[in-house]
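# Everything below, folded, please.
(one chain, ligands or ions: 2)
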Amino acid sequence: MTRSQSDPIPAAADPAVDAKLRCLRALEAKVRWLSTWMIHNANHLRENRDGLKVGGHQASSASLVTLMTALYFDVLRPEDRVAVKPHASPVFHAIHYLLSNQTRDKLEDFRALGGAQSYPSRTKDGDDVDFSTGSVGLGVAMTSFAALVQDYLDLKGLLPESLPKGRMIALVGDAELDEGNVYEALLEGWKHDLRNVWWVIDYNRQSLDAVITDRLFGRIDQLFQNMGWRVVTLKYGKRLEAAFRRPGGEALRQWIDDCPNSLYSALVFQGGPAWRRQLLADIGDVPGIEALLEGLDDAALAGLMTNLAGHDLESVLEAFHGVRDDRPTCFLAYTIKGFGLPFAGHKDNHAGLMNPEQMEAFQQANKVAPGAEWEPFAGLEAPAAELEAFLAATPFNAAGRRRYRAPAVALPARFPLPEAPAMSTQEGFGRIMADLARDGGALAERIVTASPDVTVSTNLGGWVNRRGIFDRHPREDVFREQKVVSAQRWGMSPAGQHIELGIAENNLFILMAALGLSHSVFGTRLLPIGTLYDPFIQRGLDALNYACYQDARFMIVATPSGITLAPEGGAHQSVGTPLIGMAQDGLAAFEPAFVDELSAIMAWAFDYLQRDGSGRAPSDWLRDREGGSVYLRLSTRTIDQPERRLDDALREAVIAGGYWLVPPDPAAELAIVYSGALAPEAIEAHRLILEDVPGAGLLAVTSADRLNAGWHAAERSRQGGEARARAHVEDLLARLSPETALVTLVDGHPATLSWLGAVAGHRVQALGVEHFGQSGDVPDLYQHYRIDADAVLDACAAALLGRPRR
Ligand SMILES: Cc1ncc(C[n+]2csc(CCOP(=O)(O)OP(=O)(O)O)c2C)c(N)n1
Ligand SMILES: [Mg+2]
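Ligands and ions are numbered 1, 2, ... in the order given. Predicted coordinates:
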């Protein structure tokens, strides 16, 4: 075991240490019992109404029991934050039950509606989950980015005084290390000189399907060391270490070291007699081995051979307490999947559940009387009063719930509104950000931007020039020092407000998750803005979903988008992202055409990001009271800007998702509906069609997402008996007669707008992009994909032809 710091552990004879170990051992047994029982109860004792397996992971949970017992009941402090391996959720809930932060009914309802969640969830669980987990690998990376956010706040003096810096800890399944995003985070962390991160690897050498490749540990070691991490290996427990000191002990150690993972796992499962057979056959002739084996009965031998450090409380405590500095540390903890349970080590145990007979035996072994299954101290070696006192004094629990609220950041009375006869939304965004940077104020202080190597090409350059790049260490802009002319200033310092990332969209979104939870985790509100090219949202989609799932608050600015980026096209064209914007929970998506719309949306968004359910807006699927995150799909296409001033009503309509750019006559036969960068084509087609179809309307959709969500919400309300419920989109379309045809147009999948026909039963011709991948200029591509003005006219003609006979 490598430990860079030797922290002398008090002699075991110390009565205080003895008492602590006695309590911890008892709690360890109880956590193992409760987590196992919780799953058993859900699967075997609760009514099953649908015949589906409830599931839960008894083996994966057992693997982490010792490590989590040590952490939560002794090592952790309130300021520490943990991402728990998703399928160890029962262990987490059992621990919080013992700490009185979780109720028995939630445990009884594990995996049922309203009960303890399958995987720890910040938003759905009540027991103070620090970081949600579920999609393996993401929680791991989350701890790194949370540490970066902690540094960001600390170096700016923004951490509340009452809050010391904590350790951001991931409890990592060894198979999680197969997820590429873990390495993306590791590399990015190294660049940012990460501090205060612990990754505790539950090295049970099993994944879901199989036993893991031998010698992986060597690679893990090197990998982490290359990234500047300390690696603490917890391999053998105290009893094995003692056996190694006996005659023949070295051979025993060598034998275990050389034992393939699969054989070791199989022997763990088979138990004492199998260990004896194998050891006698392999090293029985080594002096001392026979005597060692003879002195142990089968149970004791199995106990010795499975005494890995990850299940040895003393070893675990020694390792955790041994680290006293802020260097990132990887604990490689050898464990056994299903430790202490009948299927320990079996390669198929991932989804395995103990059957009722096994459970009965386990209950007896735990001395839990029937009916006392949920009793916190039933069957334990230590007296209840002692355990109660121990739990009450647990350092981790000293501060109670650690969900913070941060006051809202005040927004400027006048929000930037760039003006020019023609502009793209991307340019407008850059100018708004540059104006905010220049004007300063509370909002500008709390904005943090980040981009995966597309800062300049998404027009954040103006903001960055004024606000600088964040780095723990001041670094000069060498090009500037050398007087090389450049429009970009890349000075880095702790004061900088832009976090420059390498090209990894996963990292961008996980950073958004960490920054966007700053108010809740660190008590200081930040307003994160992440920029990237729209198509690459899909590269980081699971991480984006993860950020939304935790209710992190951030703004994603995705530009350029669609096929409108034209010559750069091909692989960079985004087609499905508007549908992502509509479908992603927790994310309000907008695709404005004009910069005044963009300005109104951004001004609103900074407020929306900060809402927490306490405001007066109605509570519905638009989350106007609860708030959420925001996605802006922008474009590099320069288009003529309307000469107008948005009044309050128009501004509200832009936020609600749409407005009539040209209102229809009540009897109009046709309306053209458009979103985003195709406004000029829609306007042009509309101008031409007016000759044939007087009174035709032109509807601007700024947010298909919010129009759609409002519609579904209104329908649900009406289904629930609220007859007066009305959605904005229904009001908009109420201006049309039922016979009016709609032609919809978007630089993205046509389904983004085609659903509008279902709102009031209008016929629809939907234009958009379904096949992609060509480069070309805008006229060629719009013609090729049939989203130019001519295509709109053709669609109008078809729509009129298809009108029903009166
Ligand atoms: C992204 C993702 N893919 C697949 C899964 C399904 N899954 C859940 S746990 C698991 C294997 C976990 O193995 P390991 O991390 O070693 O944990 P152990 O159960 O061995 O402790 C898989 C594939 C998931 N949760 N997330
Ligand atoms: Mg594993």
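
# Within range of ligand 2, give me the residues from the stretch 501-650 of the chain.
Proximity of the stretch 501-650 of the chain to ligand 2, by C-beta under 5 Å from the ion, involves no residues. All C-beta atoms are positioned from the backbone trio N, CA, C, and that covers glycine.

# Could you tell me the single residue of the stretch 501-650 of the chain that sits nearest to ligand 2?
Minimum separation of the stretch 501-650 of the chain from ligand 2 (C-beta to the ion) falls at residue 542, amounting to 20.2 Å.

# quick one, phi/psi of that residue?
As for residue 542, its main-chain torsions (degrees, to the nearest 10) stand at phi -70, psi -40.

# list the contacts for it?
135, 138, 506 (C-beta atoms under 8 Å, 6 or more residues apart in numbering).

# and the last one, what helix or strand is that in?
Secondary structure assignment for residue 506, by DSSP states H and E: helix 505-515.

# Give the bridge partners for residue 334, please.
With DSSP bridges applied, residue 334 shows beta-bridge pairing to residue 203.

# burial count for it?
Counted with other C-beta atoms under 10 Å, residues neighbouring residue 334 total 24.

# May I have the residues that are in contact with it?
Counting by C-beta under 8 Å, 6+ apart, the residues that residue 334 touches are 203, 204, 233, 234, 235, 236, 308, 309, 310.

# Excluding covalently adjacent residues, which one is nearest to the most centrally placed residue in the chain?
Geometric centre of the chain, nearest residue: residue 546, 2.9 Å, by C-alpha atoms, centre = their mean. Computed as C-beta to C-beta, 6 or more residues apart in numbering, the closest residue to residue 546 that is not its neighbour in sequence is residue 138, at 4.6 Å.

# Please report how far the one you found lies from residue 179.
Applying C-beta to C-beta, to the nearest Å, the value for residue 138 to residue 179 is 8 Å.

# Residue 718: what's it in contact with?
residue 725.

# Can you tell me the SS state at it?
Assigned by DSSP: H, G, I helix; E, B strand; the rest coil, the conformation of residue 718 is helix.

# Report the separation between it and ligand 1.
Separation of residue 718 from ligand 1 (C-beta to the nearest ligand atom, to the nearest Å) stands at 38 Å.

# Quick check: pLDDT value at that residue.
pLDDT recorded at residue 718 is 95.

# can you check residue 106 too?
On pLDDT, residue 106 comes in at 98.

# Need the contact partners of stretch 779-789.
Stretch 779-789 is contacted by residues 563-564, 566, 569, 678, 681, 684-685, 688, 745, 747, 767-769, 771-772, 774-776, 790-791, 794 when judged by C-beta under 8 Å, 6+ apart.

# Show me how to select, in ChimeraX, the buried members of those residues.
Selection of buried members from those for ChimeraX, criterion 16 or more other C-beta atoms under 10 Å:
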select :563,564,566,569,678,681,685,745,747,767,768,769,772,775,776,791,794
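
# Residue 143: neighbouring residues, count only.
So residue 143, with other C-beta under 10 Å, has 30 neighbours.

# all helices of the stretch 401-550 of the chain, in order?
425-439, 442-446, 461-467, 478-481, 505-515, 518-521, 541-549 (DSSP state H, counting those that start in this stretch).

# coming back round to it: keeping just the C-alphas, turn the helix holding residue 506 into PDB.
Presented in PDB, the C-alpha positions along helix 505-515 are these (Å, rounded to 0.1, in the frame of the first residue of the first chain):
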ATOM      1  CA  GLU A 505     -18.700  18.500 -24.700                       C
ATOM      2  CA  ASN A 506     -19.300  16.100 -21.900                       C
ATOM      3  CA  ASN A 507     -17.100  18.200 -19.800                       C
ATOM      4  CA  LEU A 508     -18.900  21.400 -20.800                       C
ATOM      5  CA  PHE A 509     -22.200  20.000 -19.600                       C
ATOM      6  CA  ILE A 510     -20.900  18.500 -16.400                       C
ATOM      7  CA  LEU A 511     -19.200  21.800 -15.700                       C
ATOM      8  CA  MET A 512     -22.600  23.500 -16.300                       C
ATOM      9  CA  ALA A 513     -24.100  21.000 -13.800                       C
ATOM     10  CA  ALA A 514     -21.500  21.900 -11.200                       C
ATOM     11  CA  LEU A 515     -21.600  25.700 -11.800                       C
END
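
# and that helix, average pLDDT?
Per-residue pLDDT over helix 505-515 has a mean of 98.

# Kindly report the same for stretch 81-95.
98.

# By proximity to ligand 1, which residue of the protein wins?
Ligand 1 sits closest to residue 173 of the chain, with a gap of 1.9 Å, by C-beta to the nearest ligand atom.

# Find me the pLDDT at that residue, would you?
On the pLDDT scale, residue 173 is placed at 97.

# Which residue, other than its chain neighbours, is closest to it?
Distance criterion C-beta to C-beta, 6+ apart; nearest residue to residue 173, sequence neighbours excluded, is residue 85 at 4.7 Å.

# what's near enough to touch that neighbour?
Residues near residue 85 by C-beta under 8 Å, 6+ apart: 60, 64, 133, 136, 139, 171, 172, 173, 176, 202.

# ditto for residue 794
Contact analysis of residue 794 by C-beta under 8 Å, 6+ apart lists residue 786.

# Got the phi and psi for it?
Per-residue torsions, residue 794: phi -60, psi -40 (degrees, to the nearest 10).

# how close does it sit to residue 688?
Residue 794 sits 12 Å away from residue 688, taking C-beta to C-beta as the criterion.

# Let's have the contacts of residue 334 in JSON lines, adding distance to residue 474.
Converted to JSON lines, those look like this (distance: C-beta to C-beta, whole Å):
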{"residue": "203", "distance to residue 474": "39"}
{"residue": "204", "distance to residue 474": "44"}
{"residue": "233", "distance to residue 474": "36"}
{"residue": "234", "distance to residue 474": "38"}
{"residue": "235", "distance to residue 474": "41"}
{"residue": "236", "distance to residue 474": "45"}
{"residue": "308", "distance to residue 474": "45"}
{"residue": "309", "distance to residue 474": "41"}
{"residue": "310", "distance to residue 474": "41"}
